[in-house]
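> give me coordinates for this.
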Amino acid sequence: MIRIHKAATVEATAAFWWYEKRSAATATRFWTRVKAAYQEILAAPLKWAADEEGIRSFRIKGFPYAIIYKVVASEILVASVAHGKRRPRYWRTRWRDF
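Residues are numbered from 1 along each chain as shown. The predicted model follows:
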């Protein structure tokens, strides 16, 4: 099971609309890749390396975003759809909100 933090949904949606203003095709490609990334994570959540806190990062191909998640028991907790060049680790406090 995957649980997505509300703020992660807001981030992905904001990125989609940012791309939409510039190119509908790019926005669609971004959204398709985000959905595909969730499916890949669901299929093999331990595939991507974890840091000392168990936090993993799945980079979205072709975009400067990564899905930040943690595997806890039988759940995948997605804290952020984070831009790779902005505010590093700003999402750290979100784990307590699950």
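> contact partners for the residue positioned nearest the centre of the chain?
Central residue of the chain (Cα atoms, centre = their mean): I67, 2.1 Å from the mean position. Contact analysis of I67 by Cβ atoms under 8 Å, 6 or more residues apart in numbering lists 8, 34, 37-38, 41, 57-58, 60, 78, 80-82. The way it works is simple: take the backbone N, C-alpha and C, and place the C-beta from them, glycine included.
> buried ones in the longest helix along the chain?
In terms of residue count, the longest helix belonging to the chain (DSSP state H) is helix 24-43. Neighbour-count burial for helix 24-43 flags 26-27, 30-31, 33-34, 37-38, 41 (criterion: 16 or more other Cβ atoms under 10 Å).
> adding distance to A50, write these out as CSV.
Shown next, in CSV, are the buried residues of helix 24-43 (distance: Cβ to Cβ, whole Å):
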residue, distance to A50
T26, 31
A27, 31
F30, 25
W31, 27
R33, 22
V34, 21
A37, 17
Y38, 18
I41, 13
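> re the thing from before, in space, what's closest to the residue nearest to the centre of the chain - neighbours in sequence excluded?
Excluding the flanking residues, the one nearest I67 by Cβ to Cβ, 6 or more residues apart in numbering is F58, at 4.5 Å.
> helix or strand for that neighbour, which one?
Using DSSP states H and E, F58 maps to strand 55-59.
> next, the buried residues of the following helix or strand past that strand.
As assigned by DSSP H and E, the chain's next helix or strand after strand 55-59 is strand 65-72. Across strand 65-72, burial judged by 16+ other Cβ under 10 Å covers 65-71.
> out of the residues you listed, who's nearest W95?
K70 (6.7 Å; Cβ to Cβ).
> correct me, but that closest one touches L77?
Yes - with contact defined as Cβ atoms under 8 Å, K70 and L77 form a contacting pair (5.0 Å).
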